[in-house]
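Peer 1: just to be clear, the model below is a prediction. Sequence and coordinates:
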There are 2 protein chains.
Amino acid sequence: MTNSSPDKDQDLKPYHLDSQVGFILRRASQRHLSIFSEAVTELTATQFAVLAKLCERGTLSQNALGRETAMDAATIKGVVDRLVIRNLLTTKRDQFDKRRTNVDLSPMGRALFARLESQAKAITEQTLAPLSTAEQAVFLELLGKLV
Amino acid sequence: MTNSSPDKDQDLKPYHLDSQVGFILRRASQRHLSIFSEAVTELTATQFAVLAKLCERGTLSQNALGRETAMDAATIKGVVDRLVIRNLLTTKRDQFDKRRTNVDLSPMGRALFARLESQAKAITEQTLAPLSTAEQAVFLELLGKLV
DNA sequence: TAAAATTCATTCGTATACAAACGGATTTTG
DNA sequence: CAAAATCCGTTTGTATACGAATGAATTTTA
């Protein structure tokens, strides 16, 4: 007899890109980045994340900063380099561990972050605006489990 | 008297990167992409999305394909070019609208997609695995509102 | 129908993003 | 303590990602 139970090697349901979580995550990120760049022209969201983390944590080695902001060593290097060129960050060789380069906010970087902080909060709100307050809490809780 | 109501220009609560939805979305995407590349070595997630969409929709103009896969014209061009070089896609000038380049799966592309389809479904499941079935449904519904 | 607006694909420039490999510094371990 | 393992920052190469500008083709509109 024909079995209607789940297939072994092949699912009868076709693959629909639009319902795959990875694709929807990418589109949600795209929308957020679009909201961000609309509201903030001075920095990218990635660059802002670096300023925010340094403001929160103070001086960090370059690689540690990368870990805190979810960027690998090659990526954080480029981001830091560009921010140093713009005088938003300072770097200094660690005097005890000669491998490390310590990164910190410059006065300009600190001032820029202070100026953008409330806008950044508004961007978070705008990103979540399609959800009710209750839905936002549920969403953030579940999203947090997926990291 | 001192007012404890919400601030006008400044929120007393400090900005914590780790609780911003944009940052968590990025990390969730990173995790998904890591799961993907662990399971599928032949293609990137982006490239697979192109194959999937063409399998689903058939021939599309290059720009239309970009819209369906959430890539702008410049991005989809690079992705298509690389897949054409690998003989996974074919391109042909539209005979009626001379602006358009129509893109379709090659036999090799179709075969590769067929071979990877079940793995792709498993990747989606693995990405959502930290959530219960009920949570997954809630999460996808809310995430869908944020695109 | 002619001008204006739009669409299409392309190119250029900049910015993530990450794997892999490297040399130097530090820490761990046998 | 010396070898092994790890960590640090850097470089190279490839792949998205997108704004802006371009020229050619098509559609809209006045």
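Peer 2: Ah, there it is. As the structure is a prediction and not an experimental result, all values here were calculated from the model. Numbering: from 1, shown residues only, chains lettered A, B, ... in the order given.
Peer 1: so does the longest helix along chain A get close to DNA strand C?
Peer 2: Ranked by number of residues, the top helix in chain A under DSSP state H is helix A:107-128. No - against DNA strand C, helix A:107-128 shows no contacts by CB under 7 Å from any atom of the strand, the least distance being 13.8 Å. Glycine gets a C-beta too; all of them are placed from N, C-alpha and C.
Peer 1: let me know the next secondary structure element after that helix.
Peer 2: helix A:133-145 (DSSP states H and E).
Peer 1: in that following helix, what counts as buried?
Peer 2: Going by neighbour count (16 or more other CB atoms under 10 Å in any protein chain shown), the buried part of helix A:133-145 is A:136, A:138, A:139, A:140, A:142, A:143.
Peer 1: on that earlier part again, alpha carbons of the longest helix of chain A, in CSV - could you do that?
Peer 2: Extracted in CSV, the C-alpha atoms of helix A:107-128 (Å, rounded to 0.1, in the frame of the first residue of the first chain):
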residue,chain,number,x,y,z
PRO,A,107,36.9,63.0,21.8
MET,A,108,35.3,63.5,18.4
GLY,A,109,34.1,59.9,18.4
ARG,A,110,32.6,60.3,21.8
ALA,A,111,30.8,63.5,20.8
LEU,A,112,29.5,61.9,17.7
PHE,A,113,28.1,58.9,19.5
ALA,A,114,26.5,61.2,22.1
ARG,A,115,24.9,63.1,19.3
LEU,A,116,23.5,60.0,17.6
GLU,A,117,22.5,57.9,20.6
SER,A,118,18.9,59.1,20.7
GLN,A,119,18.6,58.7,17.0
ALA,A,120,19.8,55.1,17.3
LYS,A,121,17.2,54.4,19.9
ALA,A,122,14.6,55.8,17.5
ILE,A,123,15.9,53.5,14.7
THR,A,124,15.4,50.5,16.9
GLU,A,125,11.9,51.6,17.6
GLN,A,126,11.2,52.2,14.0
THR,A,127,12.5,48.8,13.0
LEU,A,128,10.2,47.2,15.5
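Peer 1: in chain A, which spans are helices?
Peer 2: Under DSSP H, chain A gives helices at A:21-39, A:45-57, A:62-68, A:73-85, A:107-128, A:133-145.
Peer 1: so which of the ones you listed comes closest to residue B:105?
Peer 2: helix A:21-39 (18.1 Å; CB to CB).
Peer 1: still on that earlier bit, the buried residues of helix A:133-145: which ones sit near chain B?
Peer 2: A:138, A:139, A:140, A:142, A:143 (CB under 8 Å from any CB of the partner chain).
Peer 1: just the closest of those to DNA strand C, please.
Peer 2: Of all those, the one sitting nearest DNA strand C is residue A:143; the distance, using CB to the nearest atom of the strand, is 16.3 Å.
Peer 1: identify the residues contacting that closest one.
Peer 2: Going by CB atoms under 8 Å, 6 or more residues apart in numbering or on different chains, residue A:143 touches B:21, B:24, B:25, B:28, B:139, B:143.
Peer 1: again with residue A:44
Peer 2: A:36, A:37.
Peer 1: for it, give me phi and psi.
Peer 2: The phi/psi pair for residue A:44 (degrees, to the nearest 10) reads phi -80, psi 160.
Peer 1: can you tell me how far it is from DNA strand C?
Peer 2: Shown here: residue A:44 relative to DNA strand C, a distance of 4 Å by CB to the nearest atom of the strand, to the nearest Å.
Peer 1: coming back round to it: got a markdown table for the contacts of residue A:143, with pLDDT too?
Peer 2: Compiled in a markdown table, these are given as follows (pLDDT from 0 to 100):
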| residue | pLDDT |
| --- | --- |
| B:21 | 98 |
| B:24 | 98 |
| B:25 | 98 |
| B:28 | 98 |
| B:139 | 98 |
| B:143 | 98 |
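Peer 1: between those, which sits nearest residue A:104?
Peer 2: residue B:24 (25.2 Å).
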